[in-house]
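[1] Have a look; sequence and predicted model below, questions after that.
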Amino acid sequence: MGVFSIFPSRASVAAGEVDALYTFLLVVGGAMTAIIFASVFFFAVRYRRKSPNDPAPKAIHGSLPLEIAWTVIPFLVMLVMFAWGTKLYFQNYTPPLHDTLDIYITGKQWMWKVQYPTGQREINELHVPTGSSVKLILASEDVIHSFFVPALRLKHDVVPGSYQTFWFEPKEPGRYHIFCAEYCGTGHSDMGGWMTVMTPADYENWLAGGANGGSMVELGGKLFQQYGCVTCHVTDHEGRCPSLLNVFGRPVVLDDGRTVMADEAYVRESILNPNAKVVKGYKHDIMPVFEGQISEEGLLQLIVYVKSLSPPTASPAKPAASAAKRSSK
Amino acid sequence: MNATLPFAQTETPINYLNADYGWKSWLFATDHKRIALLYLFSITAFFFVGGAFAVAMRINLLTPEGIFSHDTYNKLFTMHGIIMVFFFLVPSIPATLGNFLVPMMIGARDLAFPRINLLSWYIYIVGGIFTLTAVFQGGVDTGWTFYAPFSSSYSNTHVILAALGIFVSGFSSILTGLNFIVTIHKMRAPGMTWNRLPLFIWGHYATSLIQVLGTPVIAITMVLLGLERVLHAGIFDPTLGGDPILFQHLFWFYSHPAVYIMILPGMAVISEIVACFSRKAIFGYGFVAYSSIAIAVFSFIVWGHHLFVSGQSMYASMVFSFFSFLVAIPSAIKVFNWTATMYKGSISYETPMLYAFGFMGLFTIGGLTGLFLATMAIDVHVTDTYFVIAHFHYVMVGGMVMAYMGGIHFWFPKISGRLYPEGWAKFAALLVFAGFNLTFFPQFILGYQGMPRRYAHYPPEFQVLNVMSTAGASILALGYLIPMIYLAWAWRYGPKSPQNPWNAKGLEWEQSPTPPPTFNFEHQPVVTEPAYNYSGEEQEVKLG
């Protein structure tokens, strides 16, 4: 087990950055604790009552300068914590817009099902290559779970009915714990697994080994046929429903005038509950509701298929506002 | 034994304890002091039930494989949380010491609504019976947080009964708060201006505001949970068209302010103890008083810091993070002012003061680790790990229970008319302090290393720290059992207390016999000086 350390192992670039902030907080917190402990201890000893007959000390009612000092100084220190913590949080939870390795994870009581775009599937195991930007798309089949890898210093709740994402850059090859961090019933504490970080070469080898059922695009394409999506969503604009070519990752104008981004969550909602957001120029109540008809894993395959209809070579429209702090990476 | 006791058995004056006997005189009591005792015995019972669950959990965590089944362990931590939070921590100080002392400290004969006060105890007991029934029927396994859709659609345990218990007992909390607010506004003795109120009263006033404004929200949340569980109304479960995050918003809208319901009365007690055993006016009275109100206000706008990893908008998280830092400021102001109160004081080390020292140290650690959780990039790593457990227990056990124990010892002579054995009490206080730190400090380290909370089994590398924690828990348990024994003994056999054994300031000590008569004072008290006037100053100094 090696030398005891308060820091767990670090698998990503961001882990070191979180540890640096943690160290800062430990130093500030430690200093504050020391000041309070020392003052209480010192006053308790220095001003102890020596005899029951000691006269009552003179009252000191307070000091405005002192009150201001111990209000303003902690506030300024907290501003530093706030700014630093917020910046790092936005960085760690805003995935780059391009060139991410997307991995789809479905939580269910009590296991993690992992799907790779290339078709490999695993349970309670996640393999990622160093040097890439790994983006996890998290879905739940039942209750709320939380995908937690201490070596990444990151977790995200996996909330049924929605997709949650986060991303990281694996740095250190090795095997790291995956935990479920949100209580989810009987087997909660067994809902764990391992994340294996590999060099890109090892990763290619590993990829070559699996995938017997076809890639996620192929599987999604089959579902697209099977559920009859293809009869309306034809690839020209003749169909009763919008074409799905070059839609993903671009803004969509709705019939109520709003504009939304066609991301995973939008596609998911449009499959399960098509009337929630209807594209401008199309009618309500044409597409059947698929709520409860398709498994979470199937949905993810369909979404990857829809994604594949918007090849990244066509330069994507400018993304909506804020998102892309790290897109340059 | 007891040969040296100076009292004469024959001439015990009439007081609230001996004014009447028999179970009716207790179960139909409208005297706030008797109701305080009804609460005291009930919450003590709940404390030991909740504590027993904690002991069982710590035993399970001695080994990575555990001893109990998953389901049993899940029920243990759920019942520990529900009982300790809703049936011990929330009522603890307000319903016992607050009930006993609020009227006495402001010079009133009773609370504004004595019968509503009794009603609130009955409501509390009914709520407690529902929840205990859930326990005896086999328990609940949702965690005290009841997150949907697990609680509404998946759990097979007695969720409805437990939720009903919380729903019902909430009304008890609301009624107590309402009673305090009206009493403090309308029943202060002549001369007891707002600026002369003991800080105990300011703390309880702030607490009452939160109780009245926040508790209805948890009641609504529990009703909605019941509707979804029984009638499958789609509120939280996405397969029924609901939103699971909505539950978390509603739950924490109450449950974050609720932690201030728990800690503010603790702070209120500490102000009294520090002033008395330093023989000095509280440094910065106004700042300590208004910081309670500031905490009450800010407590309502920080709930979103429980949702940093739940999919809440990142910008919303940013705002909640900022306010969470802000709410730390008034707490820090209090700690600084208590420390400054000791400066040039005349300090003695009786048991209540030992607990106050413990409070100041442990609450400081609990508060500062709260800053780690307000810092978003750190929170996303440590939330739902043992770091949060450690932080919460440093504030609630290291802070609140320390203050409660300090308060119980400080006012024990007033309540019982007897003195407790000081040597045993000091010994137990030191045990509590040592046992507490050994139990919970390792959990900070465990948390940052990544051990999630609510784990019946855990990877073997976490065992050493867990064994330390369990060892500490056994010391802590002893530290709580000893006072149970000597306080029960002293209640009957302890030497009789003089009226004001600590030479403390305050109407309850100076102008009321010990133990007090049913209507507290023999004459209407009139207040002519500020609180904590230990130095006997003629002039009134105002600050803040």
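    Perfect, I can see it now. All values reported here derive from a predicted model rather than from experimental measurement.
[2] Contacts only, for residue A:40.
    Listed by C-beta atoms under 8 Å, 6 or more residues apart in numbering or on different chains, the contact partners of residue A:40 are B:339, B:342, B:357, B:360-361. No exception for glycine: its C-beta is placed from N, CA and C like everyone else's.
[3] Could you rerun that using 6 Å?
    Residues in contact with residue A:40, defined by C-beta atoms under 6 Å, 6 or more residues apart in numbering or on different chains, are B:339, B:360.
[4] same question, residue A:306
    By C-beta under 6 Å, 6+ apart, residue A:306 lies in contact with A:244, A:248, A:267.
[5] sec struct for the last one, please.
    When the structure is split into helix, strand and coil by DSSP: H, G, I helix; E, B strand; the rest coil, residue A:267 lands in helix.
[6] Return the distance of residue B:211 relative to residue B:386.
    Remark: distance between residue B:211 and residue B:386 (C-beta to C-beta, to the nearest Å) = 30 Å.
[7] hmm, back to that, closest to chain B among the contacts of residue A:306?
    If you rank the contacts of residue A:306 by distance to chain B using C-beta to the nearest C-beta, residue A:267 comes first, at 16.3 Å.
[8] Confirm that residue A:257 sits in a helix.
    No: under three-state DSSP, residue A:257 sits outside any helix and is assigned coil.
[9] Roughly how far does it sit from chain B?
    As judged by C-beta to the nearest C-beta, to the nearest Å, residue A:257 and chain B stand 22 Å apart.
[10] Need the per-residue pLDDT for that residue.
    On pLDDT, residue A:257 comes in at 85.
[11] tell me the phi and psi of it?
    phi 90, psi -20 (degrees, to the nearest 10).
[12] Tell me how many other residues crowd the residue nearest to it when sequence neighbours are not counted.
    Distances taken as C-beta to C-beta, 6 or more residues apart in numbering or on different chains put residue A:280 closest to residue A:257, at 7.9 Å, once the chain neighbours are dropped. By other C-beta atoms under 10 Å in any protein chain shown, the residues close to residue A:280 number 13.
[13] which residues does residue B:393 contact?
    Per C-beta under 6 Å, 6+ apart, neighbours of residue B:393: residue B:440.
[14] what about 8 Å?
    B:366, B:439-440, B:443.
[15] Now name the helix or strand holding it.
    Per DSSP states H and E: residue B:393 is located in helix B:386-393.
[16] How about the helix or strand just after that helix and chain A, touching?
    Once the chain leaves helix B:386-393, the next helix or strand it forms, by DSSP H and E, is helix B:402-416. No: using C-beta under 8 Å from any C-beta of the partner chain, helix B:402-416 stays clear of chain A, coming no nearer than 13.4 Å.
[17] How about residue 187: what's its closest non-neighbour residue?
    Answering for chain A, as no chain was given. residue A:110 (3.3 Å).
[18] That was the other one, I meant chain B.
    In space, and not counting its chain neighbours, residue B:187 is closest to residue B:108: 4.0 Å by C-beta to C-beta, 6+ apart.
[19] Count the neighbours of the one you found for me.
    For residue B:108, the neighbour count with other C-beta under 10 Å is 24.
[20] count of neighbours near residue B:31?
    Quick note: residue B:31 (other C-beta under 10 Å) scores 27 neighbours.
[21] pretty sure it is touching residue B:109, no?
    No: using C-beta atoms under 8 Å, residue B:31 is not in contact with residue B:109; the gap is 9.5 Å.
[22] Backbone dihedrals for residue A:251, please?
    In terms of degrees, to the nearest 10, the main-chain angles of residue A:251 are phi -70, psi 140.
[23] Name the nearest residue to it, ignoring sequence neighbours.
    Of all residues not flanking residue A:251 in the chain, residue A:259 sits nearest, at 5.0 Å (C-beta to C-beta, 6+ apart).
[24] Now do the contacts for that neighbour.
    The contact partners of residue A:259, by C-beta under 8 Å, 6+ apart, come to A:251-253.
[25] Most neighbours among the residues you listed, which one?
    Ranked by neighbour count (other C-beta under 10 Å), the contacts of residue A:259 have residue A:252 at the top, with 17 neighbours.
[26] tell me how far the helix or strand containing that residue is from the chain's mean position?
    Following DSSP H and E, one finds residue A:252 within strand A:251-253. Put simply, strand A:251-253 sits 24 Å off its chain's centre (C-alpha atoms, centre = their mean, to the nearest Å).
[27] Tell me the spacing between residue B:264 and residue B:177.
    11 Å.
[28] which of these two has more neighbours?
    Ranked by neighbour count (other C-beta under 10 Å), residue B:264 and residue B:177 place residue B:264 first, with 29 against 25.
[29] And for the residue of the stretch 151-300 of chain A found nearest chain B, the neighbour number?
    The stretch 151-300 of chain A approaches chain B most closely through residue A:161 (2.6 Å), counting by C-beta to the nearest C-beta. Look at residue A:161: counted by other C-beta under 10 Å, it has 23 neighbours.
[30] Identify the residues contacting it.
    B:238-239, B:243-244.
[31] do residue B:204 as well
    Neighbouring residues of residue B:204 by C-beta under 8 Å, 6+ apart: B:94, B:98, B:102, B:180, B:184, B:264-265, B:268.
[32] show me the contacts for residue A:137.
    Counting by C-beta under 8 Å, 6+ apart, residue A:137 makes contact with A:102-105, A:163-165, A:264, A:300.
[33] Just the ones in helices from those, please.
    A:264, A:300 (DSSP state H).
[34] and the contacts of residue A:137, which are buried?
    For those, a burial check counting by 16 or more other C-beta atoms under 10 Å in any protein chain shown picks out A:102-105, A:163-165, A:264, A:300.
[35] Out of the residues you listed, which comes closest to residue A:287?
    Nearest to residue A:287, judged by C-beta to C-beta, of the buried ones among the contacts of residue A:137 is residue A:264 at 18.4 Å.
[36] doesn't residue A:299 make contact with that closest one?
    No: taking contacts as C-beta under 8 Å, residue A:264 lies outside contact range of residue A:299: 9.4 Å.
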